[in-house]
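Colleague: Provided below are the primary sequence and the corresponding predicted coordinates.
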Amino acid sequence: MIKDHFHTNRPTYSIEVFPPKKEADVSTIYEALDEFKFLQPDFISVTYGAGGTTVENTFAIANYIQNQCRIEALCHLTCAAIPNPLFLNNFLTNLYRNGIHNLLPLRGDQPQGMSREEFNARYYEHASDLVCDVKKAYDFCVAGACYPEVHPEAASAEEDIRNLKTKVDAGVDFLTTQLFYDNDVFYRFMERVRAVGIDVPVLAGLMPVTSYKQISNIIRLSGTKIPDAFMSDLERFRDSDADIKKVSIDFIRRQMSDLLAHGVSGIHLYSMNKVDIAKAIFD
Ligand code: FAD
């Protein structure tokens, strides 16, 4: 289980992948995994598409990671995709019996094609509710998501941390942050986390920028702030994706060194399924 890796007195290194949206691209993720495994990450996580659109893909990819690549797989699952407890029981049983013993229960966001009423009527309201039932069902290592820049729907940073404490107390073994680019924001977050008695490992989620077009998406989806100096470098190379990638990899390497020097529990790379980027950062 992933939680066993935290007892080794060294930071963990992990990679996140997502199931390709187009059927034609499915084989590319397996090719990428065949290369990711040589980086020997402590685990590889697989996202769960909003609305459960990738239920088979997420399971198949996690199964490949665990049983073919022989690397710990962390399977994501969203409340938004669980219609009833029977679905959950089937999903967890299938994972557990295939040797996948790590789960990241999430609330998820309102999926495209699902009305607000349907989303609000979901069986599990918050990730913490799902964590409770997962823990009751099987002995999973359970991860949780957290937000150094505060979850966009939280009324305040204090309320968000109180909710995070509830989630961890429900049975979360470690946390992974939303992506961020300002380490001071992370260090201040860690002070707030530890102050309320959350003592599980917190992995820093880092994501390189690969094109100028991607920047507005990153800001829109995660609400993260990009430090001025990094932003002006990105602006300078706005017409060259190759330079954006280079500048961004340099930035993430420096960001990672600083986090490691401050004793971070682990680095979690949002790889966007790009092997060359993960290699440049983890090699
Ligand atoms: P929660 O922990 O439920 O929190 C959501 C909001 O509710 C917060 O504002 C919180 O303060 C509040 N809250 C929590 N508990 C309570 C409570 N008991 N009472 C009142 N308020 C409460 N999305 C996907 O669709 N698929 C993925 O695979 C995926 N992977 C992710 C991985 C990571 C590491 C991260 C950081 C995010 C991921 N997301 C994914 C996005 C995530 O689903 C959204 O950010 C979603 O809005 C929140 O999910 P959560 O599990 O953090 O929610």
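Modeller: Sure, I can see it. Numbering: from 1, shown residues only.
Colleague: Strands along this protein, start to end?
Modeller: Here the chain has its strands, by DSSP state E, at 12-17, 43-46, 72-78, 102-106, 141-146, 174-177, 202-206, 266-270.
Colleague: Export those to JSON lines and append columns for mean neighbour count, mean pLDDT and distance to the ligand.
Modeller: Yep, even glycine has a C-beta here, placed from its N, CA and C like the rest. Below are the strands of the chain laid out as JSON lines (neighbours: other Cβ atoms under 10 Å; pLDDT from 0 to 100; distance: least, Cβ to the nearest ligand atom, whole Å):
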{"stretch": "strand 12-17", "mean neighbour count": "23", "mean pLDDT": "97", "distance to the ligand": "7"}
{"stretch": "strand 43-46", "mean neighbour count": "26", "mean pLDDT": "98", "distance to the ligand": "7"}
{"stretch": "strand 72-78", "mean neighbour count": "26", "mean pLDDT": "97", "distance to the ligand": "3"}
{"stretch": "strand 102-106", "mean neighbour count": "26", "mean pLDDT": "98", "distance to the ligand": "4"}
{"stretch": "strand 141-146", "mean neighbour count": "24", "mean pLDDT": "98", "distance to the ligand": "3"}
{"stretch": "strand 174-177", "mean neighbour count": "23", "mean pLDDT": "98", "distance to the ligand": "4"}
{"stretch": "strand 202-206", "mean neighbour count": "24", "mean pLDDT": "98", "distance to the ligand": "6"}
{"stretch": "strand 266-270", "mean neighbour count": "25", "mean pLDDT": "98", "distance to the ligand": "7"}
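Colleague: Now render those as a markdown table, adding distance to residue 2.
Modeller: Output for the strands of the chain, formatted as a markdown table (distance: least, Cβ to Cβ, whole Å):
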| stretch | distance to residue 2 |
| --- | --- |
| strand 12-17 | 8 |
| strand 43-46 | 5 |
| strand 72-78 | 5 |
| strand 102-106 | 5 |
| strand 141-146 | 5 |
| strand 174-177 | 7 |
| strand 202-206 | 10 |
| strand 266-270 | 10 |
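Colleague: in stretch 153-160, what counts as buried?
Modeller: By 16 or more other Cβ atoms under 10 Å, the buried positions in stretch 153-160 come out as 157, 160.
Colleague: is it anywhere near the ligand?
Modeller: Yes. Using Cβ under 6 Å from any ligand atom, stretch 153-160 reaches the ligand at 153, 154, 160.
Colleague: Give me the distance between the two termini of stretch 77-88.
Modeller: End-to-end distance for stretch 77-88, by Cα to Cα, to the nearest Å: 9 Å.
Colleague: Alongside the ligand, which residues does this protein contribute?
Modeller: By Cβ under 6 Å from any ligand atom, the residues of the chain that approach the ligand are 47-48, 50, 76, 78, 106-109, 126-128, 145, 151, 153-154, 160, 163, 166-167, 176, 178, 205.
Colleague: What lies in contact with stretch 269-281?
Modeller: 13-18, 20, 28-29, 32, 35-36, 39, 179, 205-208, 210, 245, 249, 252-253, 256, 282 (Cβ atoms under 8 Å, 6 or more residues apart in numbering).
Colleague: picking up where we left off before, for the residues of stretch 153-160 next to the ligand, give me CSV that also has pLDDT.
Modeller: Shown next, in CSV, are those (pLDDT from 0 to 100):
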residue, pLDDT
153, 94
154, 96
160, 98
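Colleague: how much does the lowest-mean-pLDDT helix or strand in the chain deviate in direction from strand 266-270?
Modeller: Among the helices and strands of the chain, helix 212-222 carries the lowest confidence by mean pLDDT, DSSP states H and E, at a mean of 85. Orientation of helix 212-222 against strand 266-270 (axes from the mean of the first three to the mean of the last three Cα atoms, to 10 degrees) gives an angle of 120 degrees.
Colleague: Touching stretch 127-134 from outside, list them.
Modeller: For stretch 127-134, contacts defined as Cβ under 8 Å, 6+ apart pick out 77, 79, 82, 85, 88, 92, 103, 105-107, 124, 140, 142, 144-145, 163, 166-167, 170-172.
Colleague: What are the buried residues along the longest helix along the chain?
Modeller: Longest helix in the chain by number of residues (criterion: DSSP state H): helix 241-261. Going by neighbour count (16+ other Cβ under 10 Å), the buried part of helix 241-261 is 244, 245, 247, 248, 249, 251, 252, 255, 256, 259.
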